[in-house]
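# Test case, fold it:
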Amino acid sequence: MTTKKRITLEDVSRTAGVSLTTASMILSGRPDVSFSPETVQNVRRTADVLGYRAPVRRRSRPRSSRKLVLIVSPNVGNAYYANMVQAIQQSAEQHGVSTLIFTTYRDAEKEKEILDMALEMGASGMVFTMMPQSVEQLEKVNRSLPIVVIGDRNTSLNVDTVELDNYSAGMLVGRHMLGLGHRHIAFISTTLNNANAIRIRRLDGVRAVYAQEPDTSVQVFAREITPLEELNDIGIEHRTGYELTMDCLKRCPNISGIVAVNDFVAYGVLDALEDKGLKVPDDYSVCGFDNLSASRFWNVGLTSVEHHIEEKGRNAFTILYERMTGNSTPNNITRVEFSHHLLENRSTAPFHPSREKTDSVL
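Next up, the predicted model:
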């Protein structure tokens, strides 16, 4: 005799063509979320047809009295995000708050699912270490769950924000390179699109400076990276910097400086130049953004823009904790802005005409 298979929530979500989170919230009758009537009817009808019965929940042990904060980050492979997450966790631990880390790899759908889960889990608050793509949903969740975002200046986002102006950071790098006499430079970057607006603003800042001077140029080399690629290749930023620099050296023999979109990409730039037998800064000046701790190592010595990584993380948690404990309200949007400064290291130097490149050198 065969035993009839028990219908699970996964069966319902798969048959109805919705996410597991959506099916769970509809069938549990969650009052704080809403879906279209068609979606609700579809899920409930599917559950009835399949014969789904919600499992009887046994009395659970009392939940921990500690508050829970979700930290949302594109990844934790890049030390920029890893250091920021750790700074948030340090502050949380000092206040007796637990944390969970969720990574999106810049996938908008994952971001939406995490926002749904935050409500379902009963989290006390959320910190986004990057600008969100699902702005409308994030602002909606923020009305019932405190959220703080760490990202680029954006006055249209109605959420507490710790901000930096990456356009100004780009201008800072542009002035530095142009001031050293590098009239023709390359900008090496991972994906440049609206989901990665910080990168575009850095590039725009560099371009704005160079546009003010005649007979100058900024050559852009960028590679699009999908969320799946970012998930499966922890070294993709370094490899992108390396491969794009090799391409740049073939196509642009007149450049004397390279600006990388961040320090991890810059490490790939430095390795490519070394593999070609070229010296930094004798042959090329290289500059990055973020000022990661490794950039200050003696064997690296990368000129980079300070981004106050740890300070931003601690500041974001402080703002969030005030919301969580009732010391501020969503109606009082807090915007804290950090200023940039450039840390000059051994990877940039003045340009000399005698250093101009030829095809034979490359």
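# Not counting its neighbours along the chain, what's nearest Phe35?
The shortest distance from Phe35 to any non-neighbouring residue, by CB to CB, 6 or more residues apart in numbering, is to Ile26 (6.2 Å). Just so you know, the C-beta spots here come from the backbone N, C-alpha and C atoms, and that holds for glycine as well.
# residues in contact with the one you found?
Ile26 makes contacts with 35, 39-40, 43-44, as judged by CB atoms under 8 Å, 6 or more residues apart in numbering.
# any idea which helix or strand comes after the lowest-mean-pLDDT helix or strand in the chain?
Within the chain, no helix or strand scores below strand 335-338, which has a mean of 63 by mean pLDDT, DSSP states H and E. Per DSSP states H and E, the first helix or strand lying C-terminal to strand 335-338 is strand 341-343.
# Give the partner strands of that following strand in its sheet and their orientations.
Each strand paired with strand 341-343, and its direction, by DSSP bridges: strand 303-306 (antiparallel).
# after the partner strand, next one along is what?
Strand 303-306 is succeeded, C-terminally, by helix 309-324 (DSSP H and E).
# So which elements touch that next one?
Secondary-structure packing of helix 309-324 (3 or more CB pairs under 8 Å, 6 or more residues apart in numbering; DSSP states H and E): strand 67-73, helix 79-94, strand 125-128, strand 147-152, strand 160-164, strand 335-338.
# what's the most buried one of these?
The highest mean neighbour count among the helices and strands packed on helix 309-324, using mean count of other CB atoms under 10 Å, belongs to strand 125-128: a mean of 26.
# that older thread, adding distance to Asp48, write the helices and strands packed on helix 309-324 out as JSON lines.
Converted to JSON lines, those look like this (distance: least, CB to CB, whole Å):
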{"stretch": "strand 67-73", "distance to Asp48": "33"}
{"stretch": "helix 79-94", "distance to Asp48": "43"}
{"stretch": "strand 125-128", "distance to Asp48": "35"}
{"stretch": "strand 147-152", "distance to Asp48": "36"}
{"stretch": "strand 160-164", "distance to Asp48": "43"}
{"stretch": "strand 335-338", "distance to Asp48": "49"}
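# Compare the mean pLDDT across these and name the weakest.
The minimum mean pLDDT among the helices and strands packed on helix 309-324 belongs to strand 335-338 (a mean of 63).
# And the closest residue to Ser124 other than its chain neighbours, how far from Thr318?
Nearest residue to Ser124 in three dimensions, chain neighbours excluded: Lys67, at 3.8 Å (CB to CB, 6+ apart). Per CB to CB, to the nearest Å, Lys67 is found 14 Å from Thr318.
# do the same with Leu228
Distance from Leu228 to Thr318, counting by CB to CB: 35 Å.
# who's more crowded, these two?
Neighbours were counted for Leu228 and for Thr318 using other CB atoms under 10 Å; Thr318 has more, 15 against 10.
# re the thing from before, in ChimeraX, how would I select just the buried ones from the contacts of Ile26?
Here is the ChimeraX selection string for the buried members of the contacts of Ile26, based on 16 or more other CB atoms under 10 Å:
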select :39,43,44
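# re earlier: tell me which element the residue nearest to Phe35 falls in.
Ile26 belongs to helix 20-27, assigned by DSSP H and E.
# Downstream of that helix, the next helix or strand is which one?
Counting by DSSP H and E, the element after helix 20-27 in chain order, helix or strand, is helix 37-50.
# quick one, domains of the protein?
Per automatic domain parsing, the structural domains of the chain span 9-50, 67-165+309-340, 166-306+343-355.
# These: lowest mean pLDDT?
domain 9-50 (a mean of 81).
# so how far is Gly235 from Ala272?
In terms of CB to CB, Ala272 sits 14 Å off from Gly235.
# Which one of those two is surrounded by more residues?
More crowded of Ala272 and Gly235, by other CB under 10 Å: Ala272, with 22 against 12.
# mind checking the SS state of that one?
Three-state assignment for Ala272 (DSSP: H, G, I helix; E, B strand; the rest coil): helix.
# quick one: it and Thr240 touch, right?
No: the criterion here is CB atoms under 8 Å, and Ala272 misses it with Thr240 at 10.7 Å.
# Tell me where the stretch 101-250 of the chain has helices.
108-121, 135-142, 166-179, 197-211, 227-232, 236-251 (DSSP state H, counting those that start in this stretch).
# Of the ones you listed, which is nearest Asn75?
Among the helices of the stretch 101-250 of the chain, the nearest to Asn75 by CB to CB is helix 227-232 (6.2 Å).
# List the buried residues in the closest one.
Buried residues in helix 227-232 (16+ other CB under 10 Å): 227, 230-231.
# Same list, those, but as TSV with distance to Ser304 please.
Shown next, in TSV, are these (distance: CB to CB, whole Å):
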residue	distance to Ser304
Pro227	26
Glu230	22
Leu231	26
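# and which of those is nearest Ser73?
Glu230 (11.8 Å).
# Touching, the closest one and Asn75? I think so.
Yes: look at Glu230 against Asn75 with CB under 8 Å: they come within range, at 6.2 Å.
# intersection of neighbour lists for those two?
Contacts common to Glu230 and Asn75, judged by CB under 8 Å, 6+ apart, are Tyr105.
# which residues does the closest residue in space to Tyr242 that isn't next to it in sequence contact?
What sits nearest to Tyr242 in space, not counting adjacent residues and going by CB to CB, 6+ apart, is Gly268, at 3.8 Å. Taking CB under 8 Å, 6+ apart as the criterion, Gly268 is in contact with 188, 237-245, 260.
# hmm, 10 Å instead?
Applying CB atoms under 10 Å, 6 or more residues apart in numbering, we find Gly268 in contact with 188, 235-246, 260.
# same deal with Ser217?
183-186, 207, 210, 252, 254-255 are the contacts of Ser217 under CB under 10 Å, 6+ apart.
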